[in-house]
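Q: My questions concern the predicted model and sequence given below.
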Protein chains: 2
Amino acid sequence: MTNTKVYLEIVKQLREMISADNLKSGDKIPSERELSERLNVGRSSVREALRALELLGLIETRRGEGTFIRDFRGNQLVQLLGTFILQDEKAKLDVIETKNLIEMDILWLVLKRADAKQLLKLKSLVESDQLTDDQFFYQLIELTDNYLFSRIWLILKDYHHSLSFKKVEYKRDSYLMLIEALVEKDEEKTLSAYRQLRNLSILTDKY
Amino acid sequence: MTNTKVYLEIVKQLREMISADNLKSGDKIPSERELSERLNVGRSSVREALRALELLGLIETRRGEGTFIRDFRGNQLVQLLGTFILQDEKAKLDVIETKNLIEMDILWLVLKRADAKQLLKLKSLVESDQLTDDQFFYQLIELTDNYLFSRIWLILKDYHHSLSFKKVEYKRDSYLMLIEALVEKDEEKTLSAYRQLRNLSILTDKY
DNA sequence: AAGATGGGTGTGGTCTGACCACTAAAAAAC
DNA sequence: GTTTTTTAGTGGTCAGACCACACCCATCTT
């Protein structure tokens, strides 16, 4: 009869419930026992649905308190997919290529949007040698004001890490030049600085 | 004591098991009851882990047969995240912006890699009016030879769809011009054609 | 009155045992 | 040898039982 598994049905119900009640991040959803009663299903089935959503990073669960909608930052998801996915060499190259292009997109957005004040603040951080390469770029992404890009980049970053490449060194001068170019809103110079940072020849045929 | 939830521990164990035994798509993993015994946990906990992985699309389950590793193409994942995620208006704008930039990256890659023959084949498809906008771009992405980009774009496409925008019309002439520019490997012309296709003013300050 | 204490209650976390529905392979019947 | 029946194994689901923890509130102490 019931072709669809119960837990999937519950996931669906939850989605509808959330959208119907217009629940947002941080809001609490009914308890497992209540859901079990309301939907006429066993508590274990409810739990299967909730655990799945939890692993996806969509909800958060606190013992003794309840289950809450989460401010999803595709975290766990990445770890998981990451180790499951990158198997062949081709995939690794794709990761690098994709990450580089996305980073250039990000630079473009920053160039168009960020004001000098923000960039100079970042500059001072770089000068005090307080940032890793990842942190440097994350700072830039935040200037982008595009959450989706930030998510994508975070995923790529983790992918990249899991490749266990030679550790990215901290090229202070390159960062500073990059910032300078961004402040000047000079597209050519920005790209050039980025290429140098990433050791990309001309970034044409190589990619 | 056990700070980490059991089901997460099981997920971890499964990953190690898979990588240790070098299991691939289609391979079978131990039954729920066997896992329960081997790991000294309750079957319900095993199920919570498996259901979560199933929702992620990493495994597949067939009643009466067993549980199998899956050829994951982030499917369900997208649907889920999609409806859960895009709540505010800002997110919608991010989707559009991100999709556009990614598409430009793709065009860049195609321009660098694809040969005329492939592009002309696509051209004939366009001329016979057999493609939707999505299909057109997917064809382009395939010329990119970057699976990761294809995954990202597919997700963005689904996000974009779930925004229920005015349907993207089929602009035959724009597609043809785009292809022409790609064949000529003319970056400026390509970008220009894309802007026209997407109705982007200058694609500078607007973003 | 103000603070500290300690149950009560509700919540998630986990385990166990019991069925059911289904599949595939082994055994039995032909 | 072929067909049918049985059987063992698997996922699907439920119900009930504890446990650990968080929070609230009446109670006790000061």
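A: Yep, it's here.
Q: Please make it C-alpha for all contacts and neighbour counts, starting now.
A: Will do.
Q: ok, and does stretch A:14-31 reach over to DNA strand D?
A: No - shown here: stretch A:14-31 not in contact with DNA strand D (C-alpha under 7 Å from any atom of the strand), separated by at least 12.4 Å.
Q: Show the end-to-end separation of that stretch, please.
A: 12 Å (C-alpha to C-alpha, to the nearest Å).
Q: Next: stretch A:25-38.
A: Span of stretch A:25-38 from end to end, C-alpha to C-alpha: 23 Å.
Q: is chain B contacted by stretch A:174-185?
A: No - Stretch A:174-185 is not in contact with chain B by C-alpha under 8 Å from any C-alpha of the partner chain; minimum separation 11.6 Å.
Q: for that stretch, what is the average pLDDT?
A: Mean pLDDT, computed over stretch A:174-185, is 92.
Q: Then stretch A:15-27?
A: The pLDDT scores in stretch A:15-27 average 76.
Q: Between the two ends of it, how far is it?
A: 14 Å.
Q: lowest confidence element among the helices and strands of chain A?
A: helix A:76-85 (a mean of 52; mean pLDDT, DSSP states H and E).
Q: After that one, which helix or strand is next? Please name it.
A: Sequence-wise, the next helix or strand downstream of helix A:76-85 (DSSP states H and E) is helix A:89-113.
Q: ok, which stretches of chain A are helices?
A: With DSSP state H applied, chain A shows helices at A:6-20, A:32-38, A:43-55, A:76-85, A:89-113, A:116-127, A:133-144, A:147-162, A:172-183, A:187-198, listed in chain order.
Q: Return the residues of chain A in contact with DNA strand D.
A: Counting by C-alpha under 7 Å from any atom of the strand, the residues of chain A near DNA strand D are A:4-7, A:40-45, A:62-65.
Q: For chain A, list the residues in contact with DNA strand C, please.
A: Counting by C-alpha under 7 Å from any atom of the strand, chain A comes close to DNA strand C at A:1, A:29-34, A:44, A:47, A:61-67.
Q: Kindly indicate the member of the residues you listed with the most neighbours.
A: residue A:47 (22 neighbours; other C-alpha atoms under 10 Å in any protein chain shown).
Q: So that one sits against residue B:49, correct?
A: No - contact criterion C-alpha atoms under 8 Å: residue A:47 and residue B:49 do not qualify, at 10.5 Å.
Q: shared neighbours of those two, anything?
A: Counting by C-alpha atoms under 8 Å, 6 or more residues apart in numbering or on different chains, no residue touches both residue A:47 and residue B:49.
Q: Would you mind listing the outside residues contacting stretch A:180-190?
A: Contact with stretch A:180-190 is made by A:107, A:108, A:110, A:111, A:112, A:115, A:116, A:119, A:178, A:193, as judged by C-alpha under 8 Å, 6+ apart.
Q: any idea how far the second one lies from residue A:153?
A: The one in question is residue A:108. Taking C-alpha to C-alpha, one finds residue A:108 at 14 Å from residue A:153.
Q: Show me which of the residues of chain A next to DNA strand D is closest to residue B:174.
A: Nearest to residue B:174 out of the residues of chain A next to DNA strand D is residue A:4 (C-alpha to C-alpha; 43.5 Å).
Q: distance of that closest one from chain B?
A: Distance of residue A:4 to chain B, computed by C-alpha to the nearest C-alpha, to the nearest Å: 12 Å.
Q: what's around that residue, how many residues?
A: 8.
Q: Tell me the pLDDT of it.
A: For residue A:4, the pLDDT comes out at 75.
Q: which residue is nearest the middle of chain A?
A: residue A:151 (2.5 Å; C-alpha atoms, centre = their mean).
Q: mind checking pLDDT for that one?
A: You'll see residue A:151 listed with a pLDDT of 76.
Q: rewinding a little: can you narrow the residues of chain A next to DNA strand C down to the ones near chain B?
A: Near chain B, by the rule C-alpha under 8 Å from any C-alpha, you find A:44, A:47 out of the residues of chain A next to DNA strand C.
Q: which residues does whichever residue of chain A sits closest to chain B contact?
A: Nearest to chain B, among the residues of chain A, is residue A:52, at 3.6 Å (C-alpha to the nearest C-alpha). By C-alpha under 8 Å, 6+ apart, the contact set of residue A:52 is B:48, B:49, B:51, B:52, B:53, B:55, B:56.
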